[in-house]
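>>> Okay, here's the prediction I keep looking at, along with the sequence it came from:
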Amino acid sequence: MIVGEMVLSAFLQALFQTLMSAPFKSFFKRRELNECVLERLNTALLTISAVLIDAEEKQITNPVVEKWVNELRDVVYHAEDALDDIATEALRLNIGAESSSYRLRQLRVRTLGDFLEGNSDHLETRLEKVTMRLERLASQRNILGLKEITAMTPKQRLPTTSLVDESEVFGRDDDKDEIMRFLIPENGDDIGTTVVAIVGIGGVGKTTLSQLLYNDQRVQSHFGTRVWAHVSEEFDVFKITKKVYESVTSRPCEFTDLDVLQVKLKERLIGPFLLVLDDLWNENFADWDLLRQPFTSAAQGSRIIRLSDGDCWSLFMRTVFPNQDPCLDQEIGDLAERIVYKCQGLPLAVKTLGGVLRFEGNVVEWERVLSSRIWDLPANKSNLLPVLRVSYYYLPAHLKRCFAYCSIFPKGHSFEKEKIVLLWMAEGFLQQTRSSKNLEELGDEYFSELESRSLFQKTKTRYMMHDFINELSQFASGEFSSKFENGCKLQVSEKTRYLSYLRDNYSEPMRFEALREVKFLRTFLPLSLTNSSRSCCLDTMVSEKLLPTLNRLRVLSLSHYKIARLPPDFFRNLSHARFLDLSRTELDKLLKSLCYMYNLQTLLLAYCSSLKDLPTDIFNLINLRYLDLIGTTLKHMPKRFGRLKSLQTLTTFFVSASDGARICELGELNELHGKLRIVELQRVVDVADAAGANLDSKKHLKEIDFVWRTGSTSSESYTNPHRTQNEAEVFEKLRPHRRIEKLAIERYNGKKFPDRLSDSSFSRVVCIRLRECRNCSSLPSLGQLPGLKELYISGMVGLRSIGSGFYLSPSLRDQNQQPFKSLETLRFDNLPDLEDWSDVRVTNGDLFPSLKKLSILRCPELTGNLPTFLPSLISLHIQKCGVLDFLPDHHEYSYGSLQTLSIKSSCDSLVTFPLGHFPNLHTLEFDNCISLQSFQLSKDYSYGPNALRNLRISDCQNLQRLPELNLQVTVSNCRYLRQSMDPQPQYHHHQFHLPRLNVSGSPRSHGSQRSYDSRSPSRYD
């Protein structure tokens, strides 16, 4: 069932749970007055809960109800603060009872009940105020006409998946190449002007795909005229036609009559054209028919890319029924058509409302959504599309809180999923009442649900909200959230709880004067639209006068500020804080008062380059779940660090030899997730300490970096046999859990890698990096790892040969196993002594059957040939490998899939490059190939779409002749390149034609650069 859930219901549920907990019940039981308060609280909360659903819908059209709802939210916030005060004090007392600190021992109290008894008057006053306000609000429900609406139990949803790309193309394959084949048919059958409909969420996804197509080299060559017109929501035929005309003619349009303008435009459209109508909203068919008149008789092959209303139906059906073929009965089919019509052709609306109805087959629920009063809100009440308001109204309550919180992000701001989850966690939005998942997993689930409803959209590595979705979140949060953006004056009230601003734009004290009225702020979050690493200055008024007064903060960020010092007691008043971001500041030490932030869950210290130590009492932060130390250079971790058993993410652990935490402190941190980097492993002397780290019990870790550091204190390890042997024994005990996926080993000084690295039980390992392991003269048998996809080997001075042991261990060599069956990327870099890379024969299948990218860099002594058969290889880079032979014309070589080849300062014996052996090569680059003289083509070399497109040659002093093909060539500093490029007699081809040839540094050009247009055959002479 789909039922609108009041966002406040989640707040009230949390209040009920807290008030019914054992410590509070014990307190109320012992105090006669408080038993009455408890009963009154329960009655008021139950009375209000009954009318919440009706209140949420009516508040949008009724300002009085809106004021009532806001008042209720404010009361709930105050109640939460009061209860959090009690819980925080109880936590402090509990930590104090276990602490060895004299000051904390002095504050020891036996039970929470004792604390409540001693502070009952203050607590009674606060609870009484909250109760009275709730009772007053409950008494007003009849006056406001609020009715009880019984919430039906929501139907269990099927698991949702996170969409990788919000942009989708219906009627065509969503792959760019498929769209390209439709724009430019290979068979040449073009009939008039065709409309290509691309549907996707408004903004980044759809526009980006269109831009990729628009700027593709094939499109530029095929279409004589290309026009990009941004339409937006105002569909004005004259204005759109004027934009197209001005783009075609590159001059202002002086015509004022539409008929004259369209005639002139039609005369200008010579040859096939491409028109992109971006951000095309709602239009009727008469308008569209009038707009397309100048294009109807255009040259064959012309294309218009636009949004089609017809495709909205496909998008809606695919959103509602993502993994199944819908068999709709007549009734739901009719309702679906009416709902799609209400979306007015906007993909954003289609997808968000489709997310509401996902997997829903009950006609009653479809009718409930369609008949909602929210569709009929007056336009002057909100600029939001009605469909977006409906989508928000039908969100579950727990998602409403999370979504409304995102109103703190300015338009255009991109954010990381992980950080959003940490912020939600700090604000208490993640409820584990019915879930066995940890908070982070629960937050990830919430995020994926919002993304599947198209409220978040993915860019490359981050996420954004469409501008209208951003406005929807601001609408949902109301006056409780405020942000500085676009130079607007700050609008805050006493009810404001969440604040963000662009730190690049707001740093002067006068900008924050309005915050003096805000006493209960929970989030203080400076942001940046550019996500740059540039630091800003924070005025002392903010750090010394404003922030210390905000003692209700749960989220505080001072990231990217040039802060070297903070007031001594700065953190003492931040006992409610759960999220503290000090990353990229100039702090050289952390105040001791930080250790009194007992509720702290997230501490971000990334790239605090001046920071050398963590506070010695940091182990008191027993709720800490996320500690980011990336880019810091700490001397060590403090003793008793292992008490932080709640840690889920620890980016870096700095091993100490004596005055800090030894590696065995990791032993009890069994809840660690994600990636862990262990640094200063040369300090581990006792093998038992290494075993005590219990890495094999940390089943949630996916990635581990093992890092030894070399310097004046440890350089002797290269020559000290005892030290080398000890490091090998230590490393043997640092065995990760079999679920590990990525491993990195840096500056390991043992002579041999542990056998476990080639243990096939590590079936989930997908990436291994070996760096500067100078004493190792051989590689482990990594070919046995069935899931290995990426392998990077660099800086191994002692490695001289890569033999058969690299592929399989001797015990498995006769079992017909296929080594490296999953490997896709292989990189050798800076191996100065490597001389031989054996190419072994595989009896069962191929060697490197899946290898796509191969890089061999800075291996000056490597001789012989590359592996002969690499059927999947797409990219090959060879650099500074002078004595390496590259003889792909040999009959045993097969690089049929190769698309990119780069040879720099390598393959000194290469004289003639057999271009004909690479039928799919797109990009070819030679740099400082001292013997290269010419290129050789076979008679059947392809001249189709898969032929060579880009050729770059520089500093090849003996080059005499270029290949005679239809491609783009850039030549630099090739002194013996012949000026005449007549066809060679040994093969035949079409007329020689270079679309673009750039030549510089030859004797004739004197360092200048010449360009030739593709519209006329050109030769350099």
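Cool, the structure landed.

>>> pLDDT score assigned to the residue lying closest to Tyr748 once chain neighbours are set aside?
Closest residue to Tyr748 apart from its sequence neighbours, by CB to CB, 6 or more residues apart in numbering: Cys773 at 4.5 Å. For the C-beta atoms, the positions are set from N, CA and C on the backbone; glycine is no exception. Turning to Cys773, the model gives it a pLDDT of 94.

>>> didn't Cys773 look like it was pressed against Arg747?
Yes. Taking CB atoms under 8 Å as the definition, Cys773 is a contact partner of Arg747 at 6.9 Å.

>>> Looking at the two, which is more packed in?
Neighbour count, other CB atoms under 10 Å: between Cys773 and Arg747, Cys773 has more, with 24 against 19.

>>> quick one: secondary structure of the more buried one?
Following DSSP: H, G, I helix; E, B strand; the rest coil, Cys773 is assigned to coil.

>>> And Arg226, by the same measure?
Per three-state DSSP, Arg226 ends up strand.

>>> Which positions are bridged to it in the beta structure?
Leu274 (DSSP bridges).

>>> That one and Asp696: what is the separation?
Plainly put, Arg226 is 59 Å away from Asp696 if you go by CB to CB, to the nearest Å.

>>> again, but for Arg978
65 Å.

>>> Where does pLDDT dip in the stretch 251-400 of the chain?
279-289, 297-300, 306-311, 322-330, 344-348, 359-361, 371-385 (pLDDT under 70).

>>> Now do the helices in it.
All helices of the stretch 251-400 of the chain, identified by DSSP state H, counting those that start in this stretch, fall at 258-268, 285-291, 309-320, 330-342, 347-356, 363-370, 386-393, 397-405.

>>> buried sites along the longest one?
The reference is to helix 330-342. Ile332, Leu335, Ala336, Ile339, Val340, Lys342 (16 or more other CB atoms under 10 Å).

>>> same deal with stretch 129-136?
So for stretch 129-136, counting by 16+ other CB under 10 Å, buried means Val130, Thr131, Arg133, Leu134, Glu135.

>>> isn't the first one right next to Asp81, touching?
No. Checked against CB under 8 Å, the pair Val130 and Asp81 is beyond contact range at 9.7 Å.

>>> Let me have the buried residues of helix 330-342 in a markdown table, extended by distance to Thr296.
A markdown table is the format used below for those (distance: CB to CB, whole Å):
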| residue | distance to Thr296 |
| --- | --- |
| Ile332 | 38 |
| Leu335 | 36 |
| Ala336 | 33 |
| Ile339 | 33 |
| Val340 | 28 |
| Lys342 | 31 |
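
>>> any idea which of these is closest to Leu621?
Ile339 (50.0 Å; CB to CB).

>>> Quick one: residues contacting the closest one.
By CB atoms under 8 Å, 6 or more residues apart in numbering, the contact set of Ile339 is Phe316, Leu353, Leu357, Trp366, Val369, Leu370.

>>> So which of the residues you listed is surrounded by the most neighbours?
Leu353 (26 neighbours).

>>> For Phe273, see how far away that one is.
For Leu353 relative to Phe273 (CB to CB), the value is 36 Å.

>>> Next, the contact list for Pro832, please.
Contacts of Pro832 (CB under 8 Å, 6+ apart): Val797, Arg858, Cys859, Pro860, Glu861.

>>> looking at this, it is in a helix?
No. Pro832 is assigned coil when assessed by three-state DSSP, not a helix.

>>> Quick check, pLDDT for it.
95.

>>> Then Asp1013?
For Asp1013, the predicted pLDDT is 32.

>>> next one: Ile408
94.

>>> Quick check: bridge partners of the closest residue to it other than its chain neighbours?
The shortest distance from Ile408 to any non-neighbouring residue, by CB to CB, 6+ apart, is to Ser500 (4.0 Å). Per DSSP bridges, the residues bridged to Ser500 are Lys483, Leu525.

>>> need the contact list for Ser500.
Ser500 touches Ile408, Phe409, Pro410, Ser482, Lys483, Phe484, Thr523, Leu525, Pro526, Leu527, counting by CB under 8 Å, 6+ apart.

>>> JSON lines for those residues, including neighbour count and distance to Ala426?
Shown next, in JSON lines, are the contacts of Ser500 (neighbours: other CB atoms under 10 Å; distance: CB to CB, whole Å):
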{"residue": "Ile408", "neighbour count": "22", "distance to Ala426": "12"}
{"residue": "Phe409", "neighbour count": "23", "distance to Ala426": "16"}
{"residue": "Pro410", "neighbour count": "18", "distance to Ala426": "20"}
{"residue": "Ser482", "neighbour count": "24", "distance to Ala426": "18"}
{"residue": "Lys483", "neighbour count": "24", "distance to Ala426": "18"}
{"residue": "Phe484", "neighbour count": "22", "distance to Ala426": "21"}
{"residue": "Thr523", "neighbour count": "22", "distance to Ala426": "8"}
{"residue": "Leu525", "neighbour count": "19", "distance to Ala426": "11"}
{"residue": "Pro526", "neighbour count": "23", "distance to Ala426": "16"}
{"residue": "Leu527", "neighbour count": "21", "distance to Ala426": "16"}
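
>>> would a markdown table of the residues you listed with distance to Pro849 be doable?
Listed next are the contacts of Ser500 as a markdown table, based on distance: CB to CB, whole Å:
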| residue | distance to Pro849 |
| --- | --- |
| Ile408 | 50 |
| Phe409 | 46 |
| Pro410 | 49 |
| Ser482 | 58 |
| Lys483 | 53 |
| Phe484 | 56 |
| Thr523 | 52 |
| Leu525 | 49 |
| Pro526 | 51 |
| Leu527 | 47 |
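
>>> May I ask which helix or strand encompasses Leu603?
If you go by DSSP states H and E, Leu603 is part of strand 602-604.

>>> Output the strand or helix carrying Ile53 as PDB, nothing but the C-alphas.
Take DSSP H and E as the rule and Ile53 turns out to sit in helix 52-58. The C-alpha coordinates for helix 52-58 follow below in PDB (Å, rounded to 0.1, in the frame of the first residue of the first chain):
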ATOM      1  CA  LEU A  52      -0.100  13.800  11.200                       C
ATOM      2  CA  ILE A  53      -1.000  12.400   7.800                       C
ATOM      3  CA  ASP A  54      -3.900  14.800   7.300                       C
ATOM      4  CA  ALA A  55      -1.800  17.700   8.700                       C
ATOM      5  CA  GLU A  56       1.000  17.100   6.200                       C
ATOM      6  CA  GLU A  57      -1.300  17.400   3.200                       C
ATOM      7  CA  LYS A  58      -3.200  20.400   4.500                       C
END
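
>>> That helix - contacts with which helices or strands?
Judged by 3 or more CB pairs under 8 Å, 6 or more residues apart in numbering; DSSP states H and E, helix 52-58 is in contact with helix 7-19, helix 63-98.

>>> Report the rounded mean pLDDT for that helix.
Helix 52-58 comes out at a mean pLDDT of 78.

>>> Ok, stretch 737-753 next?
Rounded mean pLDDT across stretch 737-753 is 93.

>>> Stretch 142-150 now?
80.

>>> can you list contacts of it?
Applying CB under 8 Å, 6+ apart, the set of residues contacting stretch 142-150 is Ala50, Val51, Ile53, Asp54, Ala55, Lys58, Asn62, Val64, Val65, Trp68.

>>> what do you get if the cut-off is 10 Å, keeping everything else the same?
For stretch 142-150, the surrounding residues in contact (CB atoms under 10 Å, 6 or more residues apart in numbering) are 3-4, 6, 47-59, 62, 64-65, 67-69, 137, 140-141.
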